[in-house]
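Undergrad: Got a sequence here, can you model it:
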Amino acid sequence: MPRFVISLLRAARWHRRALAAIAAAICVLSTVAALSPPDAATSDVVVAASGLQAGCTLTASDVRVIAVPLSFVPDGALRSASQAVGQVLVAPASRGTQLTDRSLVSASLSPGAGQLLVPFRIADAGVAALLHVGDHVTVVTSGSDGAVLTLAKRVRVAALPQSAGGGGLLSGNSDAGALVVVVADETTARSLAAWASSGKLGIALG
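TA: A predicted model of the protein is given here:
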């Protein structure tokens, strides 16, 4: 057989082996790609950049925006820093806590001069579920003799913070009560704060 024919046959066999190797590599890469889970969809959310105190007015340095999987985005989540900056924080937030619309006091209900925000827990979570931001409530408690004491008359509900477990206003256990934040004058606010630390309170609507 002529030498050039032998050379052509050898070249053809070499190319077949090279093409087979390339095809095998493509098959492997295609299989890996098919078995790899797709990238999870994400969304921007606003989180506390550091530990924040209740009642503070948020600044640009207090918050940052991160991307998280959609399954971890709570209802009412803030999506941009502009939604948080200048707003008043309802409850303390540790670093990395996602902020929602329930984390902030409505601009129309922010405390004015001589007013304070007062958080307290009411005993009846079922009653708390009837509340809306902006409602007026009268806060009561029981005295040592069992008499009903009025601690604040027709104070405005400024916020209804979510529970620490992320379950909304109610924690799932009616015995745990629910947290309510109201705007009150300084004297009333101090009285409410003192009673709130000693026991659960009740409210009357209207």
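Undergrad: alpha carbons only for contacts and neighbour counts from here, please
TA: Fine.
Undergrad: Give the full set of residues in contact with residue 92.
TA: 51, 52, 53, 54 (Cα atoms under 8 Å, 6 or more residues apart in numbering).
Undergrad: Top of those by number of neighbours, please.
TA: Counting neighbours by other Cα atoms under 10 Å, the top entry in the contacts of residue 92 is residue 52, with 19 neighbours.
Undergrad: Let's verify residue 191: helix, strand, or coil?
TA: helix (DSSP: H, G, I helix; E, B strand; the rest coil).
Undergrad: How about it: what's its closest non-neighbour residue?
TA: In space, and not counting its chain neighbours, residue 191 is closest to residue 151: 7.0 Å by Cα to Cα, 6 or more residues apart in numbering.
Undergrad: ok, now which ones touch that neighbour?
TA: 138, 139, 140, 141, 188, 191, 192.
Undergrad: can you list the weak-confidence ranges in this protein?
TA: Applying pLDDT under 70 to the chain picks out residues 1-39, 106-111, 162-176, 199.
Undergrad: So it: which segments form each domain?
TA: The chain is divided into the following domains under automatic domain parsing: 1-36, 42-103, 111-205.
Undergrad: coming back round to it: want to throw the contacts of residue 92 into JSON lines with distance to residue 75 and secondary structure?
TA: Formatted as JSON lines, these follow (distance: Cα to Cα, whole Å; DSSP: H, G, I helix; E, B strand; the rest coil):
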{"residue": "51", "distance to residue 75": "22", "secondary structure": "coil"}
{"residue": "52", "distance to residue 75": "21", "secondary structure": "strand"}
{"residue": "53", "distance to residue 75": "22", "secondary structure": "coil"}
{"residue": "54", "distance to residue 75": "21", "secondary structure": "coil"}
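Undergrad: Quick check: of those, which lies closest to residue 178?
TA: Minimum distance to residue 178 across these is 16.8 Å, recorded for residue 54 (Cα to Cα).
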